[in-house]
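A.B. asks: sequence unknown, structure follows:
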């Protein structure tokens, strides 16, 4: 299941860039146009210890979605392999999305591993208007 970064009880501290709504974790476009979005997440992955059962090959997907519609083509995403437990992963997603005025974009973390993840402070999410 996807968890928006606006749920700090699940994700830990998250510092968002300028122009973002700190309470919702969303960037709302003031005017229609093309925006370049970048998010950099520093994520600690802790795999529960199970004897002789290393769940190698789990994946972590980070998405920037418009109007929380991650299933459509209007999203940016990257997928990273989770190799070993206790590692700090830095995952960056960047790209351009078209937003109508009043539409919002937000970051989602899709954790296929099912093991606990913590988004470290120092992670960021920014948006820059390219043009209309």
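C.D. replies: Sure, I can see it. These figures come from a predicted structure and were not determined experimentally. Numbering: from 1, shown residues only.
A.B. asks: quick one: contacts for residue 99?
C.D. replies: For residue 99, the contacting residues are 29, 32-33, 35, 66, 105, by C-beta atoms under 8 Å, 6 or more residues apart in numbering. The way it works is simple: take the backbone N, C-alpha and C, and place the C-beta from them, glycine included.
A.B. asks: Can you select the buried ones among these for me in PyMOL?
C.D. replies: Provided next is the PyMOL selection string for whichever of these are buried by 16 or more other C-beta atoms under 10 Å:
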select buried, resi 29+35+66+105
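A.B. asks: Turn the contacts of residue 99 into a markdown table, including distance to residue 75, pLDDT and secondary structure.
C.D. replies: Shown next, in a markdown table, are the contacts of residue 99 (distance: C-beta to C-beta, whole Å; pLDDT from 0 to 100; DSSP: H, G, I helix; E, B strand; the rest coil):
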| residue | distance to residue 75 | pLDDT | secondary structure |
| --- | --- | --- | --- |
| 29 | 15 | 92 | coil |
| 32 | 18 | 94 | coil |
| 33 | 18 | 94 | strand |
| 35 | 13 | 94 | strand |
| 66 | 7 | 93 | strand |
| 105 | 9 | 93 | strand |
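A.B. asks: In the host helix or strand of residue 44, which of the residues would be classed as buried?
C.D. replies: Per DSSP states H and E, residue 44 falls inside strand 33-45. For strand 33-45, the neighbour count (16+ other C-beta under 10 Å) marks 35, 37-41, 43, 45 as buried.
A.B. asks: I'd like those written out as CSV, with distance to residue 118 added.
C.D. replies: What follows is the buried residues of strand 33-45, written out as CSV (distance: C-beta to C-beta, whole Å):
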residue, distance to residue 118
35, 28
37, 23
38, 21
39, 16
40, 15
41, 10
43, 7
45, 8
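A.B. asks: just checking, next helix/strand downstream of the helix or strand of the chain with the lowest mean pLDDT?
C.D. replies: Here the helix or strand of the chain ranked lowest by mean pLDDT, DSSP states H and E is helix 8-11, holding a mean of 36. Sequence order places strand 26-28 as the next helix or strand after helix 8-11, per DSSP H and E.
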